[in-house]
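In: dropping the sequence and predicted coords here.
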Amino acid sequence: MPDYMFLLESRLLPEQRAALLRVQELSAALGYNVYLTGGTVRDLITGASLRDLDFTVEGNPSKIARELEKGGAKVLHEDEKFRHVEILFAGDCEGSIAAARDDHYIRPGTKPELRWSTIMEDLRRRDFSLNAIAISLNPASRGLLLDPTNGLSDVERAEVRALTIHSFTNQPVRLLRVLRFAARMGFKLEQRTQEWFDLAIERDLQHTITEEDAGAELHSLAREENPAAILKLWEEHDLLETVHALLAKKHPDYDAINRLSKVRDDLFMSGLRPRLATPMMLAILGRLKDNEVKSVLHKLGFRAAEVETITEFDEETTAAAKELSGKKMAAPIDAYRFLEKLPADQIAYLLAFSSNSGAVSKIRAYLNKWRPLRQGIPAISNELAAIGMPAGPKFDAIVQQVFAMQLTGRGKTPEEREKILRKLSGIKEQPKPKEPKGKEKKGSKPAATKASLAAAGKVALPAKSVAPAKPHKKAPPPKAPAKKKKK
Ligand code: CTP
């Protein structure tokens, strides 16, 4: 049996690991059993990237959320009825904490009665076997895999399997979900699930999907890596109209979706991981007029703040582009600082759709030249230390000045940089000691080479051999040595 804890820990980002440990600690302190569930376990098992951390607790998650907030986490949404908290953990990683529950249906298709339950009951009430697997985070069983419906074997067979014959009747939105998971993972529907799916469509159950459920699906769709594949599958099955008639009529803007997906891939290569839910929603609804977008989102139960974020995104991003291409950003260092703070989803949106060529070319320079140059800042610090500059605010300011110069194409070679560093710090090169003729040892290196090797971290330069800081040419002659003697 694979070691799931090892698998998990090796795949988590440092901030995700910290969040996991904190939730584990808090649950233990409150006496709650806690499990990783749903999407997190599915992504872990299938080797997909772990987008978020979904926890299920046998207890009330709001107590955990309150403690997490004290440590810098942000609660994005809290549903008290379902005891479900969507959260941005400290370190900017997304996730959720939900209470284990059972949905009890008196008759298939009726409104379920909610019952707080154990993890096993919670897993069995879920939609598909691949979503019904949990990993224990409890001290006595940490890493234990709970798979009461044999989801692992369905994952191996690359099949989405519904857990009961009533799965679609109980929650018709699962008709959209089953296709979303199949398209996302490249899985097919398990044979009986396919039969149940066809039967549900024959009975027209898709038209009973509530607006709120359809909205939740659209919300999840915008967070998908390949929404175009899912939308095509929904369209093929005439299910898009169940999300919204106008979207079905005008069709999703596939061109915009694909452009944004391509930009995401390029940004990954540059080390940025944008969350594209907002611009992707705009791309999906790209053929609708502004007022139509607003009314679709409201109708589908999006919260007012979400609607505002989505509908104002274009204006906000266009304003950012204007600022970026304006006179105040003429110096690359100013544009660099501006872009460092600009949210990555706005960067992605501008790259995909902006006609502001000035702003786009600065973003390209930022990604392809300036950000890689930033990796060289530690080397500049080493070089500055090697010529004898003591640490302190002036030291840091010089490093930043040299970095700013590098953005304009200066200081590319170590020699060029040494000249700049000496000029900015006022530290002159030590005159080379005159060696008596013929006494120079074979293989001994000139001082400058030693300094540059030290800067490159190849040799350790003893403190004594570092040239003391000397003031700039224009400064008055130094008095410091005399003071030192007095001490
Ligand atoms: N679920 C369900 N029926 C639904 C919606 C959700 O059974 N109509 C269950 C699923 O088992 C799912 C869990 O609730 O794993 C959490 O739902 P959600 O957050 O929507 O999905 P995730 O599985 O986390 O998938 P995603 O990657 O899309 O977030």
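Out: Received, thanks.
In: let's check: the centremost residue of the chain is which one?
Out: residue 273 (4.8 Å; CA atoms, centre = their mean).
In: quick check: that one is in a helix.
Out: No. Counting by DSSP: H, G, I helix; E, B strand; the rest coil, residue 273 is not found in a helix; it is coil.
In: I'd like the numbering to begin with 21 instead of 1 from here.
Out: Will do, 21 is the new start, and the previous item becomes residue 293.
In: mind checking how far it is from residue 358?
Out: For residue 293, the distance to residue 358 equals 20 Å [CB to CB, to the nearest Å]. Any C-beta I mention is one placed from the backbone N, CA and C, and that applies to glycine too.
In: repeat for residue 167
Out: Distance of residue 167 to residue 358, computed by CB to CB: 49 Å.
In: go on, residue 178?
Out: Residue 178 sits 46 Å away from residue 358, going by CB to CB.
In: again, but for residue 139
Out: From residue 139 to residue 358 the distance is 48 Å (CB to CB).
In: more crowded one of those two?
Out: Taking other CB atoms under 10 Å, residue 139 and residue 358 do not tie; residue 139 has more neighbours (20 against 16).
In: for the longest helix along the chain, name the packing helices and strands.
Out: The longest helix of the chain (DSSP state H) is helix 324-344. Applying 3 or more CB pairs under 8 Å, 6 or more residues apart in numbering; DSSP states H and E, one finds that helix 324-344 contacts helix 297-304, helix 310-319, helix 352-361, helix 364-373, helix 377-385.
In: report the buried residues of the fourth one.
Out: Pointing back at helix 364-373 there. Of all the residues in helix 364-373, those buried under the rule 16 or more other CB atoms under 10 Å are 365, 366, 367, 368, 369, 370, 371, 372, 373.
In: got the confidence number for the residue nearest to the third one when sequence neighbours are not counted?
Out: Beyond its immediate neighbours in the sequence, the residue positioned closest to residue 367 (CB to CB, 6 or more residues apart in numbering) is residue 383, lying 5.8 Å away. Residue 383 is assigned 98 on the pLDDT scale.
In: residue 383 and residue 149, how far apart?
Out: 44 Å.
In: wait, isn't residue 297 in contact with residue 242?
Out: Yes. Contact criterion CB atoms under 8 Å: residue 297 and residue 242 qualify, at 4.6 Å.
In: which one of the two has more residues nearby?
Out: Taking neighbours as other CB under 10 Å, residue 297 and residue 242 compare with residue 242 leading, 21 against 17.
In: break this protein down into its domains, please.
Out: Using automatic domain parsing, the domain ranges for the chain come out as 21-176, 337-394, 397-444.
In: what bridges to residue 74?
Out: Residue 74 has the following beta-bridge partners by DSSP bridges: residue 116.
In: tell me, how many residues neighbour it?
Out: Residue 74, neighbours per other CB under 10 Å, totals 22.
In: show me what contacts it?
Out: 56, 57, 58, 59, 60, 115, 116, 118 (CB atoms under 8 Å, 6 or more residues apart in numbering).
In: closest to residue 208 out of those residues?
Out: Among the contacts of residue 74, residue 59 lies closest to residue 208 (CB to CB), at 19.9 Å.
In: got the CA coordinates for the helix or strand encompassing that closest one in CSV?
Out: Assigned by DSSP states H and E, residue 59 falls within helix 58-66. Extracted in CSV, the C-alpha atoms of helix 58-66 (Å, rounded to 0.1, in the frame of the first residue of the first chain):
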residue,chain,number,x,y,z
GLY,A,58,-12.8,15.3,-1.9
GLY,A,59,-10.8,17.1,-4.5
THR,A,60,-7.5,17.1,-2.5
VAL,A,61,-7.4,13.3,-2.2
ARG,A,62,-8.6,12.8,-5.8
ASP,A,63,-5.8,15.2,-7.1
LEU,A,64,-3.3,13.5,-4.9
ILE,A,65,-4.1,10.0,-6.2
THR,A,66,-4.4,11.0,-9.8
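In: can that helix be found next to the ligand?
Out: Yes. On the criterion CB under 6 Å from any ligand atom, helix 58-66 is in touch with the ligand at 58, 59.
In: could you list the buried residues of that helix?
Out: Of all the residues in helix 58-66, those buried under the rule 16+ other CB under 10 Å are 58, 59, 60, 61, 62, 63, 64, 65.
In: what does it contact?
Out: Identification of contacts with helix 58-66 by CB under 8 Å, 6+ apart yields 24, 27-28, 31, 56, 68-74, 76, 115, 146, 150-151, 153-155, 172, 175, 205.
In: from these, which ones fall inside strands?
Out: 56, 73, 74, 76, 115, 154, 155 (DSSP state E).
In: now the fifth one: how far from the ligand?
Out: Right, residue 115. Counting by CB to the nearest ligand atom, to the nearest Å, the gap from residue 115 to the ligand is 10 Å.
In: so who does that residue touch?
Out: Counting by CB under 8 Å, 6+ apart, residue 115 has contacts 39, 60, 72, 73, 74, 75, 106, 107, 109.
In: go through these and name the one nearest residue 99.
Out: For the contacts of residue 115, the minimum distance to residue 99 (CB to CB) is 8.4 Å, reached by residue 106.
In: correct me if wrong, but the closest one is in a helix.
Out: No. Judged by three-state DSSP, residue 106 forms no part of a helix; its state is strand.
In: which one of the ones in strands among the contacts of helix 58-66 is nearest the ligand?
Out: residue 74 (5.2 Å; CB to the nearest ligand atom).
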